[in-house]
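# pasting the sequence and the predicted model now:
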Amino acid sequence: MEMDVPFHSSFAGRSVFLTGHTGFKGSWLAIWLQQLGAYVHGYSLAPPTQPSSFEVAEVRELLAGHYECDMRDIDSLAGAIDKANPEIVFHLAAQPIVRTSYETPRETIETNFMGTCNLLECVRRRAKPCVVVVVTSDKCYENREQVWGYRENDAMGGHDPYSASKGAVEILVASYRRSFFGPEDCGEHGVKLATARAGNVIGGGDWAKDRIVPDAARHLAEGKPVPVRCPWAVRPWQHVLEPLSGYLSLAAKMMADDDPQWCDGWNFAPETGDDATVCDVVETFCRAWGQGTWEDMSDPTQPHEANVLRLSIEKAIARLDWRPIWDFHETVVRTARWYRNYYSRNKASMRDACLDDIRSYATAAGGRESLCSSDVQRRGAAA
């Protein structure tokens, strides 16, 4: 099914402030935005892993601005935003790992909650029109282990500190929207504020610890069995380009008109029935890799992680005309191919591999081949 959003014209020549640009999802979004002709100003800590997608895809040279700073430093953040003078803000910076949040709960909550608060304060004090998309997580919902997908109006919650921080961010954003950025009054204040909640995102370039795909790639590259902590846990797996296309769709709609319906929370996840267990991911990944096995390392004493988690995307389909493009098999195969290429090429630059996936995704979406056209690339070249 085609997606109607004219990406090639929505972002060309616009200043975009992207937090978390040195991370996995952030580096992919930086590449895509630059291909769409945007001037991307990134604000984040240094790349969180070694290697990192930011470094292997050589993202730094695509940026109009690059700041390695902490979201908790509001003065540095305000200065960077003032220099960028953005029309669009994508907030992805976070401590993103559930198990890490058990080890550093306070730092996780400070980074995720207060970092977002600082961003919203900078936008409020700046008092200039802009579109703001705050990215949270599927784990923002109070998980009751239900088999049906959570809808955007379901209760926020969180068993672990990470999930709690993301649920709290959703409540914080709703509070700022009601208090300062009322959607019905955006003609007066000019700020359009929304949140985006994605499922379990995979794709080339993620090397975070305690994530199944990076674990699989590392172990297979070394010829070792893949250790699996929760083999039967069900997750809404999706390629990194799927939620990013959702964020772009949402931002494009918000830029296009002042309809208050866009200033809300939005789920971006696979189609109903296209989720899978962790062991399904590993087995498909091994087949795509060409070899490999996995071993059950489940431990009843390990920190709690949800067994079942699904999101409903009915709202995004009906209102944004957005829906996922690549199914589970395509997602895992493309991800395995990316990592296999990285390790077989002696760790050479992977930007072309990222661009190939972006072009393939755009073509599969239909009607958006101009997404990466050379004229857009020229208009969006970093100053």
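Nice, I can see it. Numbers count the residues shown, from 1 in each chain.

# for the stretch 51-200 of the chain, which segments count as helices?
53-56, 74-84, 98-103, 105-109, 115-126, 161-179, 186-189 (DSSP state H, counting those that start in this stretch).

# and residue 205, how far is that from residue 187?
40 Å (Cβ to Cβ, to the nearest Å). The C-beta positions use only the backbone N, C-alpha and C, and glycine is treated the same way.

# again, but for residue 326
Going from residue 326 to residue 187 by Cβ to Cβ gives 38 Å.

# and those two? Which one has more around it.
The neighbour comparison of residue 326 against residue 187 (other Cβ atoms under 10 Å) goes to residue 326, with 21 against 8.

# who's in contact with that one?
238, 239, 241, 242, 334, 361, 364 (Cβ atoms under 8 Å, 6 or more residues apart in numbering).

# next, it: secondary structure please.
For residue 326, the assignment made with DSSP: H, G, I helix; E, B strand; the rest coil gives coil.

# quick one: end-to-end distance for stretch 196-214.
End-to-end distance for stretch 196-214: 24 Å, by Cα to Cα, to the nearest Å.

# cool, stretch 182-197 as well?
Span of stretch 182-197 from end to end, Cα to Cα: 21 Å.

# those strands in this protein, which residues are they?
Assigned by DSSP state E, the strands in the chain fall at 15-19, 39-44, 65-68, 88-91, 130-135, 191-198, 200-202, 226-228, 234-235, 237-239, 265-268, 276-277, 294-296.

# partners of the last one in the sheet?
Each strand that strand 294-296 pairs with, and the sense of that pairing, follows from DSSP bridges: strand 226-228 (parallel).

# buried ones in the strand it pairs with, by neighbour count?
226, 228 (16 or more other Cβ atoms under 10 Å).

# again with stretch 159-170
For stretch 159-170, by 16+ other Cβ under 10 Å, it's 160, 161, 162, 163, 164, 165, 166, 167, 168, 169, 170.

# ok, so of the residues you listed, who is nearest residue 127?
Nearest to residue 127 among the buried residues of stretch 159-170: residue 169, at 22.4 Å, using Cβ to Cβ.

# gap between the closest one and residue 177?
Distance, residue 169 to residue 177, by Cβ to Cβ: 12 Å.

# ok, residue 28 next?
Residue 28 is 27 Å from residue 177, where distance means Cβ to Cβ.

# and what of residue 275?
Per Cβ to Cβ, residue 275 is found 30 Å from residue 177.

# flag every buried residue along stretch 332-345.
Neighbour-count burial for stretch 332-345 [16+ other Cβ under 10 Å]: 332, 333, 334, 335, 336, 337, 338, 339, 340, 342.

# same list, these, but as TSV with distance to residue 24 and pLDDT please.
As requested, the buried residues of stretch 332-345 are exported to TSV (distance: Cβ to Cβ, whole Å; pLDDT from 0 to 100):
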residue	distance to residue 24	pLDDT
332	16	97
333	19	97
334	15	97
335	12	98
336	16	97
337	17	95
338	12	96
339	13	96
340	18	95
342	14	94
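
# closest to residue 252 among those residues?
Of those, the one sitting nearest to residue 252 (Cβ to Cβ) turns out to be residue 334, at 24.4 Å.

# that closest one contacts residue 241, doesn't it?
No. The criterion here is Cβ atoms under 8 Å, and residue 334 misses it with residue 241 at 9.2 Å.

# now do the shared contacts for these two.
Any residue near both residue 334 and residue 241 by Cβ under 8 Å, 6+ apart counts here, and that gives 203, 326, 357.

# wait, which of these is closest to residue 109?
residue 203 (27.1 Å).

# pLDDT value on the closest one, please?
Confidence at residue 203, expressed as pLDDT, is 97.

# to what extent is the nearest residue to it once chain neighbours are set aside buried, counted in neighbours?
Closest residue in space to residue 203, ignoring its immediate chain neighbours: residue 240 at 3.4 Å, by Cβ to Cβ, 6 or more residues apart in numbering. If you count neighbours by other Cβ under 10 Å, residue 240 ends up with 27.

# residue 279 and residue 215: what is the separation?
13 Å.

# which residue is the nearest non-sequential neighbour of residue 107?
residue 95 is the one closest to residue 107 (Cβ to Cβ, 6+ apart), at 6.5 Å.

# against residue 26, how distant is that neighbour?
Relative to residue 26, and taking Cβ to Cβ, residue 95 is found at 13 Å.

# between these two, who's got more neighbours?
More crowded of residue 95 and residue 26, by other Cβ under 10 Å: residue 26, with 28 against 22.

# now do the same for that one: its pLDDT.
Residue 26 is given a pLDDT of 98.

# just the shared contacts of residue 334 and residue 241 now: which is nearest residue 149?
Distance to residue 149 across the shared contacts of residue 334 and residue 241 (Cβ to Cβ) is lowest for residue 326, with 18.6 Å.

# since that was my last question, I'll sign off now.
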